[in-house]
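[1] Everything below, folded, please.
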Amino acid sequence: MARDEVSICNVALSRIGITMKIASLDNPRTKEAIELAAVYEDVRDRVLAAAHWPFARKPVRLQQTGTTPEKWAYRYEYPNDCLAVRFIFPPIGLGRSPETFRQALQEIKTPYELALDDDDSLTICTDLGPVAVLEYTKRVVNPARYDAMFSSALSWALASEVSLPLAKTVDHAQNAAKAYERIVAEATAKALNEEVRQDPPDSEFVRARL
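    Residues are numbered from 1 along each chain as shown. The predicted structure follows:
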C-alpha cells in the first residue's frame, strides 16, 4: 500500500470519528488540514525518536570536531539528520563476531553525553576514540519509506494531537494516546529482539581495521 502524508493524516482523522477527508495539507485550507499541518512534522519526528525503527536506522563514522571536552576524551559532530542516538561503538565491533555483535551493543552501553561546542553546535562527547561509529535514528521525511507499524503509530499520534481541536472529546484523545503508546511498546520489543538476532547493518564498519 502506497503511503503519503495525506493518507496518514486521513487515517488519523478517521480514528477520532471524523469522516471528512483532506486532499492536501496546504490547499484547500480546511480546518482539518490546518490543524494537521501545524503538528505533522513535530509529531513525525517525535514518533521516529520514540523507537529504534528498522527503516530509520543509520550507521555513520563520527568526525571529531571542536575542542576537547572537559569531562571526556573526544568530541564528535552530531549528524544533522539525527533524531536519537542509539549506539556508539568502535569500528572493530567491540571485538565480537558479527553473530554476537548486536547482542554486545545491548550489553555494553558506551557512555556519552550531548553538549554544545564553542560555536553552539551540538556535539557528542565520549571517551571512545579516536575513531567511533554511531548508529542513530534518522529523520526520514518520505512516507514511502515507512513500515506499516510506524505509519499506524504516526496516525495514532496525530489523532491524539488534533482530537481536542477537531473532535472536541477527551475520550478520543485518551484512546488515541493509549493506542499510540501500545504500538511504540510493540515496536520497541520487536526492535530489541532484532538487535539480538540480526547481524549489524553495514557490516563493513564491523570488519574495518584502523
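
[2] for this structure, which spans come out with low pLDDT?
    Across the chain, the stretches falling below the confidence threshold (pLDDT under 70) are 1-2, 92-107, 193-210.

[3] Tell me where it has helices.
    With DSSP state H, the ranges of helices along the chain come out as 5-14, 31-50, 98-107, 148-162, 170-197, 204-207.

[4] and among those helices, the most buried is which?
    The densest packing among the helices of the chain, expressed as mean neighbour count by mean count of other CB atoms under 10 Å, is seen in helix 148-162 with a mean of 23. Yep, even glycine has a C-beta here, placed from its N, CA and C like the rest.

[5] Next, the angle from that one to helix 31-50.
    130 degrees (axes from the mean of the first three to the mean of the last three CA atoms, to 10 degrees).

[6] Output helix 148-162 as PDB, restricted to C-alpha atoms.
    As requested, C-alpha coordinates have been extracted for helix 148-162 and formatted as PDB (Å, rounded to 0.1, in the frame of the first residue of the first chain):
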ATOM      1  CA  ALA A 148       3.100  -0.400   8.500                       C
ATOM      2  CA  MET A 149       3.700  -0.300  12.200                       C
ATOM      3  CA  PHE A 150       5.300   3.200  12.100                       C
ATOM      4  CA  SER A 151       2.600   4.500   9.800                       C
ATOM      5  CA  SER A 152      -0.100   3.300  12.300                       C
ATOM      6  CA  ALA A 153       1.800   4.800  15.300                       C
ATOM      7  CA  LEU A 154       2.100   8.100  13.500                       C
ATOM      8  CA  SER A 155      -1.600   8.100  12.700                       C
ATOM      9  CA  TRP A 156      -2.500   7.500  16.300                       C
ATOM     10  CA  ALA A 157      -0.100  10.100  17.500                       C
ATOM     11  CA  LEU A 158      -1.500  12.700  15.100                       C
ATOM     12  CA  ALA A 159      -5.000  11.700  16.100                       C
ATOM     13  CA  SER A 160      -4.100  12.300  19.700                       C
ATOM     14  CA  GLU A 161      -2.700  15.800  18.900                       C
ATOM     15  CA  VAL A 162      -5.700  17.000  16.900                       C
END
